[in-house]
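Enquirer: sharing a model prediction with you, sequence too.
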Amino acid sequence: MEETAFERSVLASKSYLIALGLVEGFFTVDQAAQAAHVEVQSQIDRWGEVEDSKFSKPTLSIHPEEVLMEVG
């Protein structure tokens, strides 16, 4: 079960480290979502915006409810 939660966390947060912190209990869902948002914004600032192939729109933010839905 932990592997499934980890996989979903990686997909939701777009970060291996944030997902690991969430699954291991170092982050709450809100903290993980905030950290993921900072990471995504940092990548956008450095590399520019890239369309998310799943939705064909720019990925700008990660919301706690999205992470919670994925981790469930």
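Expert: Nice, I can see it.
Enquirer: from now on I want contacts and neighbour counts done on CA atoms only, so please keep to that.
Expert: Will do.
Enquirer: which stretches of the protein form helices?
Expert: Remark: helices assigned in the chain by DSSP state H are 2-13, 16-23, 29-47, 64-71.
Enquirer: compare those and say which comes out lowest on pLDDT.
Expert: Across the helices of the chain, helix 64-71 has the smallest mean pLDDT, namely a mean of 63.
Enquirer: quick check: the spatially closest residue to residue 36 that is not a sequence neighbour vs residue 28, distance?
Expert: Of all residues not flanking residue 36 in the chain, residue 13 sits nearest, at 5.3 Å (Cα to Cα, 6 or more residues apart in numbering). Distance from residue 13 to residue 28, counting by Cα to Cα, to the nearest Å: 13 Å.
Enquirer: more neighbours, these two?
Expert: More neighbours surround residue 13 than the other of residue 13 and residue 28, with 27 against 13 (other Cα atoms under 10 Å).
Enquirer: deepest of the helices of the chain, which one?
Expert: For the helices of the chain, average neighbour numbers computed from mean count of other Cα atoms under 10 Å are highest in helix 16-23, which has a mean of 20.
Enquirer: who are the packing partners of that helix?
Expert: Judged by 3 or more Cα pairs under 8 Å, 6 or more residues apart in numbering; DSSP states H and E, helix 16-23 is in contact with helix 2-13, helix 29-47.
Enquirer: the last one to helix 16-23, inter-axis angle?
Expert: For helix 29-47 against helix 16-23, the angle by axes from the mean of the first three to the mean of the last three Cα atoms, to 10 degrees is 170 degrees.
Enquirer: packing partners of helix 29-47?
Expert: helix 2-13, helix 16-23, helix 64-71.
Enquirer: of all the helices and strands packed on helix 16-23, which one comes closest to residue 21?
Expert: Closest to residue 21 of the helices and strands packed on helix 16-23 is helix 29-47 (Cα to Cα; 7.8 Å).
Enquirer: with just CA atoms, put that closest one into CSV.
Expert: This file holds the C-alpha atoms of helix 29-47, laid out as CSV (Å, rounded to 0.1, in the frame of the first residue of the first chain):
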residue,chain,number,x,y,z
VAL,A,29,-0.7,17.2,2.6
ASP,A,30,-0.9,21.0,2.7
GLN,A,31,2.9,21.3,3.2
ALA,A,32,3.6,18.9,0.4
ALA,A,33,1.2,20.8,-1.9
GLN,A,34,2.9,24.1,-1.0
ALA,A,35,6.4,22.6,-1.6
ALA,A,36,5.3,21.2,-4.9
HIS,A,37,3.9,24.6,-5.9
VAL,A,38,7.3,26.2,-5.1
GLU,A,39,9.1,23.5,-7.1
VAL,A,40,6.9,23.9,-10.1
GLN,A,41,7.2,27.7,-10.0
SER,A,42,10.9,27.5,-9.7
GLN,A,43,11.1,25.2,-12.7
ILE,A,44,8.9,27.5,-14.7
ASP,A,45,11.0,30.5,-13.8
ARG,A,46,14.2,28.7,-14.8
TRP,A,47,13.1,26.8,-17.9
